[in-house]
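# got a sequence here, can you build the structure:
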Amino acid sequence: MTTPLMSLANLAMPRILAAVVIAFSLVACHQANTPSLGTPKAIFIIVDGIPADIIEIANTPHIEDLAGDAGYTRSYVGGEIGGPTESPTVSAVGYNSLLTGTWANKHNVYSNTIEDPNYQYWDIFRITKQQDSSLQTALFSTWLENRTLLIGDGLREAGGYKLDYYFDGFELDLVRFPHDESRNYIKNIDELVSNEAASYVREHGPDLSWVYLEFTDDVGHMFGDGLELAEAVSSMDANIGKIWQAVKSRQNTHNENWLVVVTTDHGRDVATGRNHGGQSARERTTWIATNSQNLNDHFSNTPAIVDILPSIMNHLELAIPTEIAAQLDGQSFID
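Predicted coordinates:
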């Protein structure tokens, strides 16, 4: 016996089935057209002593390609002028502010002598290893003490962990890199370090890496603002280009989602460009370039060097331990 209700149901059924088919087709189409982001990886690069007003007029095609239309911003170092967080605009101070996400009043590095770093404030590699010990870490540096003192590689008081791979210490090799007054040996080490970083990234794809290049700061101290510094910045950009190409190669051949962050540790004085360390606007004004496609509003509102650590952690999808997060001075510019 067929009831009116059954008749209505029979009439409606083809339409319901068609709607279901269309819905599933739309979902499948969306999934097919949405690429997998893949395993998150990150590499941050510190290029020493390049003021924002110099990088903005220099010939830097590789950094510009990396940053695209929205991945460049001015930033700052030095903490709060006149406040407890005020920090010298000096190299090691800037490096450690990035590494720990804190200002000098916490990490206790106030000069390049690195006399008594406070390892209570964990660096980015220690946090990463604590959260997932299987993640691979790497350092490529023109200055040995970035690893031995700032990170405290293998030191019990710094957590006892060791980087999985490091490539540094060549400034101590006087046979291979004899020291010259023009500091060209540092330029050569920068190139060596960049080549190794590019090769290692392409072949091994470490989860978190730091590259440090020094020569631009040396040129600034010798010549100040001028043609020599512009040429050094262009040379630095060529080194960045090798690493950027390696990252793009990894993304094309592996299921990986790479974040690249390039920044500097301080600006330079207004008068000559040869000095830094003070709290003038030019010494404090730095910059950040990144390929991230998930930048939030904080990125365009003058972020600080201490914001880079939480941003990288967000990209790597690693939660910062609560007690460590409470100590941070920075906030993420990546959602």
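
# tell me which element Trp258 is part of?
strand 256-263 (DSSP states H and E).

# quick check: bridge partners of Phe167?
Using DSSP bridges, the beta-bridge partners of Phe167 come out as Phe140.

# that one touches Leu144, doesn't it?
No: in terms of CB atoms under 8 Å, Phe167 does not count as a neighbour of Leu144; the distance is 10.7 Å. (Each C-beta comes from the backbone N, C-alpha and C, glycine too.)

# higher neighbour count, those two?
Looking at Phe167 and Leu144 with other CB atoms under 10 Å, you find the greater number of neighbours at Phe167, namely 19 against 14.

# any idea how far Tyr212 is from that one?
In this structure, Phe167 and Tyr212 are 11 Å apart, going by CB to CB, to the nearest Å.

# checking the spatially most central residue of the chain next. Helix, strand or coil?
The C-alpha lying nearest the average C-alpha coordinate of the chain belongs to Phe44 (CA atoms, centre = their mean; 2.6 Å). Secondary structure for Phe44, judged by DSSP: H, G, I helix; E, B strand; the rest coil, is strand.

# isn't it up against Trp258?
No: under the criterion of CB under 8 Å, Phe44 makes no contact with Trp258, lying 11.5 Å away.

# Leu37 - how many residues pack around it?
Around Leu37 there are 11 residues (other CB under 10 Å).

# state the distance from it to Glu145.
Where Glu145 is concerned, Leu37 sits at a distance of 36 Å (CB to CB).

# likewise for Ala158?
The gap separating Ala158 from Glu145 is 13 Å, by CB to CB.

# so the helix or strand harbouring Thr286 versus strand 256-263, what angle?
Assigned by DSSP H and E, Thr286 falls within strand 285-290. Between the axis of strand 285-290 and that of strand 256-263 there is an angle of 170 degrees, by axes from the mean of the first three to the mean of the last three CA atoms, to 10 degrees.

# output the contacting helices and strands for strand 285-290.
On a contact count with 3 or more CB pairs under 8 Å, 6 or more residues apart in numbering; DSSP states H and E, strand 285-290 meets helix 52-55, helix 61-67, strand 72-76, strand 256-263.

# next, the angle from the helix or strand following it to strand 285-290.
For strand 285-290, the succeeding helix or strand toward the C-terminus, using DSSP H and E, is helix 308-316. Put simply, helix 308-316 runs at 10 degrees to strand 285-290, going by the same axes, to 10 degrees.

# angle of helix 308-316 against strand 72-76?
Between helix 308-316 and strand 72-76, the angle comes out at 140 degrees (the same axes, to 10 degrees).

# identify the residues contacting helix 308-316?
Contacts made with helix 308-316 from outside it, assessed by CB atoms under 8 Å, 6 or more residues apart in numbering, are listed as 40-42, 44, 98-101, 124, 127-128, 135, 207-208, 257, 259, 261, 263, 288, 292, 294, 319-320, 325, 328, 330-335.

# which of the residues you listed are buried? Put it as a ChimeraX command.
Buried subset of these, written as a ChimeraX selection, criterion 16 or more other CB atoms under 10 Å:
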select :40,41,42,44,98,99,100,101,124,127,128,135,207,208,257,259,261,263,288,292,320,328,330,332,333,334
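
# among the contacts of helix 308-316, which ones are in helices?
98-100, 124, 127-128, 325 (DSSP state H).

# show me which of these is closest to Lys187.
Minimum distance to Lys187 across the ones in helices among the contacts of helix 308-316 is 23.1 Å, recorded for Leu98 (CB to CB).

# ok, the closest one - contacts?
Listed by CB under 8 Å, 6+ apart, the contact partners of Leu98 are 44, 46, 124, 263, 265, 305-306, 308-309.

# what's the farthest-apart pair in those residues?
When those are compared pair by pair using CB to CB, the farthest-apart members prove to be Ile124 and Asp265, with a separation of 15.1 Å.

# and Ile55, how far is that from Met236?
Ile55 sits 10 Å away from Met236, taking CB to CB as the criterion.

# okay, those two: which has more neighbours?
When Ile55 and Met236 are compared for neighbours, Met236 comes out ahead with 30 against 22, by other CB under 10 Å.

# that one falls within a helix, correct?
Yes: when classified by three-state DSSP, Met236 is found to be part of a helix.

# wait, doesn't it sit right on Asp190?
Yes: taking CB under 8 Å as the contact criterion, Met236 and Asp190 are neighbours in contact, 7.2 Å apart.

# need the residues touching each of the two.
Common neighbours of Met236 and Asp190 (CB under 8 Å, 6+ apart) are 213, 215.

# between Phe167 and Tyr212, what contacts are shared?
Taking CB under 8 Å, 6+ apart as the criterion, Phe167 and Tyr212 both touch 139-141, 193.
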